[in-house]
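Student: Starting from these lines, generate the structure:
(2 chains)
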There are 2 protein chains.
Amino acid sequence: MTSLPEPPTSASGSPRLPRTLATDLASYADRPGQPLRLSGWVHRRRRLSGLTFLILRDRSGIAQVVVKDAAAIAQVEDLPEETTVDVVGVASVNAQAPGGVEVVEPTIVALGAPADTPPIELWRPTITAGLPTMLDHAQVTWRHPRQQASWQLAAASLHGFREALDHHGFTEVHSPKLVESATESGANVFTVDYFGRPAYLAQSPQFYKQVLVGVFERVYEVGPVFRAEPHDTVRHLAEYVSLDVELAFIDDHRDVIAVLRDVVAGMVAGVRSRATAAVELLGVDVPVVPGEFPIVHFREALEIAGAPADEPDLAPAHERAIGAWAKETHGSDFVVVEGYPTAHRAFYTHPEPAEPQWSRSFDLIFRGIELVSGAQRLHRHEDYVQALRQRGYPVEPYASYVDAFKHGIPPHGGFAIGLERWTGRLLEVENIRQVTLFPRDLHRIAP
Amino acid sequence: MTSLPEPPTSASGSPRLPRTLATDLASYADRPGQPLRLSGWVHRRRRLSGLTFLILRDRSGIAQVVVKDAAAIAQVEDLPEETTVDVVGVASVNAQAPGGVEVVEPTIVALGAPADTPPIELWRPTITAGLPTMLDHAQVTWRHPRQQASWQLAAASLHGFREALDHHGFTEVHSPKLVESATESGANVFTVDYFGRPAYLAQSPQFYKQVLVGVFERVYEVGPVFRAEPHDTVRHLAEYVSLDVELAFIDDHRDVIAVLRDVVAGMVAGVRSRATAAVELLGVDVPVVPGEFPIVHFREALEIAGAPADEPDLAPAHERAIGAWAKETHGSDFVVVEGYPTAHRAFYTHPEPAEPQWSRSFDLIFRGIELVSGAQRLHRHEDYVQALRQRGYPVEPYASYVDAFKHGIPPHGGFAIGLERWTGRLLEVENIRQVTLFPRDLHRIAP
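Tutor: Take a look at the predicted model:
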């Protein structure tokens, strides 16, 4: 019965050296001869005559261990790549080593059995395996420094997202993913056996964030959303991480766009400040977020794209044209298109009162691809009933959703950002699966 | 085509006053007569002779609006509780008003139709409705200031959780909730129709956090977990928010407990610094987190609880006794019990090598109730195979899980905290549903 953990000891019983991370090796440059301990994976072994370099990888980066002792060289022969090891050695300055310091006179202890040959050659500068192999072995693939770095962009973006919203007085919420009915549409929804009766996986937290602005005024949620997407495309996933935002007491969707601008600026600031090494390794062209996004109306967007005036939506080619126009005219990687035709947006979208054929909706186009959808929503019960009727939808299946608006929901709006789509655009990957930790689609449910 | 949003204007076209939050009214104490604008909900109306008080609620708190004009009094008659309003008026010092300032000479504009009578009397100091009514109308119930405050504790805890882990070099991850097989156990798992074949809802991110320590060494995730819990208890939910942590290159579970201590301290610090008003309103007895948690071995815990030495687990009464002992002996609301019998923990739990009947697992008991479960996990492939065999489990269904450990997973461990259980204990509620935004259980899938 003790309240104090024992100090860590080596097998010999003497106190163990604290661990040094690979990136912190550089701090030994002015104290060569200092003993230290590294822990990590055997990233690569390079055998020269009478000398083996053991390249060790940890979460911070790469360290070079110089093995000269014959017995130790033989030992390293039996420690294949990806085996985990503890290395106790001595710091030695070497301008050729990563960080200018290498570890010499090592004592190496394997922390597990010798690893199997990895299905992906992790020591190569880039992954040479094809996408199916990468995805089949995702748990190993993500160890590649470039893959790790691409997720560090995502994690840093999440931090920046929350920081921006916390600053604006938003409350984090977590809404249920098991729901009674599908709010977005009846299609593309996964059915769950819920204690013997059917339930569904939420396609978005739409209903919950709308009723929760009735509580907290400003809410955000980071969580999974589920789409039983029957098409096999490079842009769609059956499950992805959605960054949802909703705010009340707005005048119109322009107030939502202003918050979106600050959120995107926060995500970019997060990437710059918290994923510096990843940005450098991957050569990310981090965008500059303008003080205000350029905004163009849907009608004018069609003109810019050279599309017929009666097009109901923007095709990918149109989005690319508008992206190029924004870059040329405003020097901006971002452009907002507002005022999409009401009939082609979700029924809960607020029309522009003076011209109800146009809605108070918007998309944010980032480098020519839609990244965010948002809108002012309807907030009056009677407007919901009318919107459903106009679309010829029965009110009954939506009753519990619509009834919530009898209880004083303020004017509000919001938006959703797909995390994987964001990092995918940042890295300009061909397939969104490349930046998804464990993608789910029509054909894939593992690992 | 414009890049500048219009300044907000009133119906008359003149620039609109910026909004003042209820809690910021106090700042008008030294400038009475200043015009201002409030937005919020009609929380309560108090009719006196020739005078009506309109109590307005917004996300920050309560404001008092004094209505004297006969036409305005009549207007307020038609604005039932929970109707959303904009109020433009003049600041006036009144020591009796919340914050010492009230709003007089108001012009009131309803922002929606008059609200239906709320199913919960939100203006009462405490909720008088029973739990089923509260839960049936959760979207309205959460508006009650005490309910709002209880979620603010949760949101502040999440902030503190992440801050503590970011500080320790952890990476946030998001693992899939749609999985091929159940890792925890075959029971209590929800089945999903996944494009015509069965898939399951993840009972925990256990597998993913274990393989991701192979990538990032230290990971955390905040996300939903799903348990098809067939029992209707006050402690269990079919879906809850799990705060999952896993870290590698540990010596044993004591390293995990040290991180857990810092995480709990971070959550408490988050509550103190970011939910100050909620703590005060609810009279929360915020715990003091000791520099190190008292730790007691399972064998000794049984002795303390006066339980037979061959008990395989701690019953709730035992946990209460150990909680009381920790308070008395260590002055601590927290106590860790370590070394639970290996046979009664999950198969991936690391045994204590010298005494393999005891495991390197632990529970954190907070005020007499288990709050957290954690352990060092097995990290060698052959240990997994042996553990499954010893338990008489077939290896095949676990093959993809177990095979991951052929690729060099370092010694690691972790823990999970149930968010709702944490806030439930903080507030000492009788039923966990009281602190769950939209609870899911055997009988409830809505709202």
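Student: element containing A:Ile257?
Tutor: A:Ile257 belongs to helix A:253-274 when elements are defined using DSSP states H and E.
Student: next one: that helix to chain centre, how far?
Tutor: Relative to the centre of its chain, helix A:253-274 is centred 15 Å away, using C-alpha atoms, centre = their mean, to the nearest Å.
Student: need the next SSE after it, C-terminal direction.
Tutor: Criterion used, DSSP H and E; the element after helix A:253-274 is helix A:276-282.
Student: C-terminal to that following helix, what's the next element?
Tutor: Downstream of helix A:276-282 (by DSSP H and E), the next one is strand A:295-297.
Student: check whether whatever helix or strand comes next after that following strand contacts chain B.
Tutor: On the C-terminal side of strand A:295-297, the closest following helix or strand by DSSP H and E is helix A:298-304. Yes. Using C-beta under 8 Å from any C-beta of the partner chain, we find that helix A:298-304 touches chain B at A:Glu300. In this view, the C-beta of every residue, glycine as well, is placed from N, C-alpha and C.
Student: Just the mean pLDDT for helix A:298-304, thanks.
Tutor: Mean per-residue pLDDT for helix A:298-304: 98.
Student: Worst mean pLDDT across the helices and strands of chain A, which element?
Tutor: Across the helices and strands of chain A, mean pLDDT, DSSP states H and E gives its lowest value to helix A:399-403, namely a mean of 91.
Student: What parts of the stretch 251-400 of chain A come near chain B?
Tutor: Selection of the stretch 251-400 of chain A residues close to chain B by C-beta under 8 Å from any C-beta yields A:251, A:254, A:257-258, A:290, A:292-297, A:300, A:330, A:379-382, A:400.
Student: Show the contacting residues for A:Asp148.
Tutor: Residue A:148: Gln, not Asp. Contacts here follow C-beta atoms under 8 Å, 6 or more residues apart in numbering or on different chains; on that basis A:Gln148 touches A:Trp142, A:Ala278, B:Val215, B:Phe216.
Student: Pull out the buried residues from the longest strand anywhere in chain A.
Tutor: Identified as the longest strand of chain A according to DSSP state E is strand A:35-48. The neighbour-count criterion (16 or more other C-beta atoms under 10 Å in any protein chain shown) identifies A:Leu36, A:Arg37, A:Leu38, A:Ser39, A:Gly40, A:Trp41, A:Val42, A:His43, A:Arg44, A:Arg45 as the buried residues of strand A:35-48.
Student: does any part of it sit near chain B?
Tutor: Yes. Strand A:35-48 reaches chain B (C-beta under 8 Å from any C-beta) through A:Ser39, A:Gly40, A:Trp41, A:Val42.
Student: burial count for the nearest residue to A:His236 once chain neighbours are set aside?
Tutor: Using C-beta to C-beta, 6 or more residues apart in numbering or on different chains and skipping the chain neighbours, the partner closest in space to A:His236 is A:Glu229 (4.5 Å). Neighbour count of A:Glu229, defined by other C-beta atoms under 10 Å in any protein chain shown: 19.
Student: Would you enumerate the residues in contact with A:Glu229?
Tutor: A:Asn188, A:His236, A:Leu237, A:Ala238, A:Asp441, A:Leu442.
Student: Return the member of these nearest to A:Ala321.
Tutor: Of all the contacts of A:Glu229, A:His236 has the smallest distance to A:Ala321: 22.6 Å, by C-beta to C-beta.
Student: Now for the closest one, how many residues are close by?
Tutor: Neighbour tally, A:His236, other C-beta under 10 Å: 18.
Student: Equivalent analysis for A:Thr126, please.
Tutor: A:Thr126: 8 surrounding residues under other C-beta under 10 Å.
Student: ok, now the one 5 residues further on?
Tutor: Neighbourhood size, A:Leu131 [other C-beta under 10 Å]: 15.
Student: Now do the same contact list for it.
Tutor: Taking C-beta under 8 Å, 6+ apart, one finds A:Asn431, A:Arg433, A:Gln434 in contact with A:Leu131.
Student: What pLDDT is listed against it?
Tutor: pLDDT, A:Leu131: 97.
Student: Backbone torsions only: list them for the residue of chain A most remote from its centre.
Tutor: Most distant residue from the mean C-alpha position of chain A: A:Ala70, 46.3 Å away (C-alpha atoms, centre = their mean). Phi and psi for A:Ala70, reported as degrees, to the nearest 10, are phi -60, psi -40.
Student: What separation do you get for it and A:Ile108?
Tutor: Per C-beta to C-beta, to the nearest Å, A:Ala70 is found 14 Å from A:Ile108.
Student: list residues touching both of the two?
Tutor: The contact lists of A:Ala70 and A:Ile108 share no entry, where a contact means C-beta under 8 Å, 6+ apart.
Student: Show me which positions of the least confident helix or strand of chain A end up buried.
Tutor: A:Tyr401, A:Val402.
Student: For chain A, give me the ranges with low pLDDT.
Tutor: Within chain A, the stretches with pLDDT under 70 are A:1-14, A:183-186.
Student: The helix holding A:Ile257 - contacts with which helices or strands?
Tutor: When contacts are defined as 3 or more C-beta pairs under 8 Å, 6 or more residues apart in numbering or on different chains; DSSP states H and E, helix A:253-274 packs onto helix A:145-167, strand A:239-248, strand A:334-338, strand A:361-366, strand A:369-377, strand A:412-418.
Student: what's the angle between that helix and strand A:239-248?
Tutor: Inter-element angle recorded for helix A:253-274 and strand A:239-248: 130 degrees (by axes from the mean of the first three to the mean of the last three C-alpha atoms, to 10 degrees).
Student: A:Glu221 pairs with what?
Tutor: A:Asp244 (DSSP bridges).
Student: neighbours of it, just the number please.
Tutor: When neighbours are defined as other C-beta under 10 Å, A:Glu221 has 21 of them.
Student: which residues touch A:Ala110?
Tutor: Applying C-beta under 8 Å, 6+ apart, the residues near A:Ala110 are A:Leu79, A:Thr83, A:Thr84, A:Val85.
Student: so how far is chain B from the third one?
Tutor: Distance, A:Thr84 to chain B, by C-beta to the nearest C-beta, to the nearest Å: 4 Å.
Student: and if you look at the first one?
Tutor: Counting by C-beta to the nearest C-beta, the gap from A:Leu79 to chain B is 10 Å.
Student: could you list every residue that touches the nearest residue to that residue once chain neighbours are set aside?
Tutor: Once flanking residues are discounted, A:Leu79 sits nearest to A:Val42: 5.3 Å by C-beta to C-beta, 6+ apart. A:Val42 makes contact with A:54-57, A:76, A:79-85, A:115, B:408, according to C-beta under 8 Å, 6+ apart.
Student: Apply 10 Å and report the result again.
Tutor: Taking C-beta atoms under 10 Å, 6 or more residues apart in numbering or on different chains, we find A:Val42 in contact with A:54-57, A:65, A:76, A:79-85, A:87, A:108, A:110, A:114-115, A:123, B:408.
Student: Surely A:Ser273 and A:Met267 touch.
Tutor: No. Contact status for A:Ser273 versus A:Met267: not in contact, 11.1 Å apart, counting by C-beta atoms under 10 Å.
Student: From the neighbour counts alone, determine which of those two ranks first.
Tutor: Neighbour tally, A:Ser273 and A:Met267, criterion other C-beta under 10 Å: the higher count belongs to A:Met267, 29 against 12.
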